[in-house]
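Visitor: I need the structure of the sequence given here:
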Amino acid sequence: MPDILICPLCQSPLHVKNQQLYCEHKHSFDKAKEGYVNLLSVQHKRSKEPGDNKQMLHNRQQFLDSGHYQPLADQLASYINERVATKTILDIGCGEGFYTHQLKNSRNQVWGCDISKEGIKYAAKHYKSCQFVVASNQRLPFATESLDVITRVFAPQHDAEVIRCLHPRGQLITVVPGPWHLKQLRQYIYTDLRAHNNQPQSIDGLQLKESINIQYTMLLSPTDRERLMGMTPFSWKLTPSIRAQFTHAQEPVEAQFTLHIYQHES
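Guide: Just a heads-up that it's a prediction; the model follows:
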């Protein structure tokens, strides 16, 4: 692991020795056997096991590995490979690393961070070409101005931390749902179905460079539909009746995404 990591307790640089990271103030962190390091300090946890649970991660991993969101992953990777002279990339809220590992090429270093230990454990085990850390996006364990690109796919972010870590010539790429993303599922839940707000967020210190829209329909099997319901943030709203109706529905499902690309204000 290169020396761009900082201690989550004192913000001093972290160094590597054998299977351990340490700082000058004698704080140390062991690398797990899967290769990741846990830099989420106890005092910054909001629960015993923060982040997505095993079942949600499993559903998402199975759904994504079936290729249903591959056009989004391809767009992210092609934009970075073709239009950004990258060196170091961080994927915030990377989960099990589906998008993270597809950003890797011979010219860059790719990091993924997530508050979910289970997600990072899976990512580190399966995608050895990338580096993964358990960490909060409110206290990113990366040195100031050390990242050339930060990606955020459907994940929350702490603006001040993103700006601190981003290189002056770096770019932030966020992905949000398009207006009618998963409309065919959401219409079972909401009587007054409204479009997602996919407008760019105002971020002090950054300016919007461009936006890219992606739209297509997905033909999903009953198993795919069950996995989709199990990975969505509103899965708790799905009654057994709604689950049964959506599982056996025949209509294609809308997939809509918007990428917003930001850079430092000139």
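Visitor: got a list of what residue 23 touches?
Guide: 6, 7, 9, 10, 12, 13, 14, 15 (Cβ atoms under 8 Å, 6 or more residues apart in numbering). Yep, even glycine has a C-beta here, placed from its N, CA and C like the rest.
Visitor: what does the longest helix along the chain contact?
Guide: Taking DSSP state H as the criterion, the chain has its longest helix at helix 70-83. Contacts with helix 70-83, where a contact means Cβ under 8 Å, 6+ apart, come from 86, 89, 98-99, 102-103, 105, 108, 149, 151, 153, 173, 175, 212, 214, 216, 255, 257, 259, 261.
Visitor: next one: stretch 196-206
Guide: For stretch 196-206, contacts defined as Cβ under 8 Å, 6+ apart pick out 159, 162-163, 172, 174, 176-181, 208, 211, 256, 258, 260, 262-265.
Visitor: now do stretch 221-235
Guide: By Cβ under 8 Å, 6+ apart, the residues outside stretch 221-235 that reach it are 55-56, 59-60, 62-63, 66, 68, 182, 185-186, 189, 218, 220, 238, 243, 246-249, 253.
Visitor: what about burial for these, which qualify?
Guide: 56, 59-60, 62-63, 66, 68, 182, 185-186, 189, 218, 220, 238, 243, 246-247, 253 (16 or more other Cβ atoms under 10 Å).
Visitor: on that earlier part again, out of the contacts of stretch 221-235, which sit inside strands?
Guide: Those of those mapping onto strands are 218, 253, per DSSP state E.
Visitor: follow-up on the earlier one: just the mean pLDDT for the longest helix of the chain, thanks.
Guide: In this model, helix 70-83 has a mean pLDDT of 94.
Visitor: The next helix or strand along the chain from it pairs with which strands?
Guide: Once helix 70-83 ends, the next helix or strand along the chain (criterion: DSSP states H and E) is strand 88-92. Within its sheet, strand 88-92 is paired with strand 109-114 (parallel), strand 147-153 (parallel), according to DSSP bridges.
Visitor: which SSE is the residue nearest to residue 238 when sequence neighbours are not counted in?
Guide: In this structure, residue 238 finds its nearest non-sequential neighbour in residue 229, 5.6 Å apart by Cβ to Cβ, 6 or more residues apart in numbering. Assigned by DSSP H and E, residue 229 falls within helix 222-231.
Visitor: Tell me the buried residues in stretch 126-144?
Guide: 127, 130-137, 139-143.
Visitor: hang on, I meant stretch 15-29
Guide: By neighbour count on 16+ other Cβ under 10 Å, the buried set for stretch 15-29 is 21, 23, 29.
Visitor: May I see the residues you listed organised as CSV, with secondary structure, pLDDT and distance to residue 73 added?
Guide: Converted to CSV, the buried residues of stretch 15-29 look like this (DSSP: H, G, I helix; E, B strand; the rest coil; pLDDT from 0 to 100; distance: Cβ to Cβ, whole Å):
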residue, secondary structure, pLDDT, distance to residue 73
21, strand, 95, 30
23, coil, 94, 35
29, strand, 95, 30
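Visitor: any idea of the mean pLDDT in the helix holding residue 229?
Guide: 95.
Visitor: list the buried ones in it?
Guide: 224, 225, 226, 227, 228, 229, 230, 231.
Visitor: can you pull the contacts of residue 131?
Guide: Residues near residue 131 by Cβ under 8 Å, 6+ apart: 1, 35, 36, 109, 110, 111, 112.
Visitor: Who wins on neighbours among those?
Guide: residue 112 (30 neighbours; other Cβ atoms under 10 Å).
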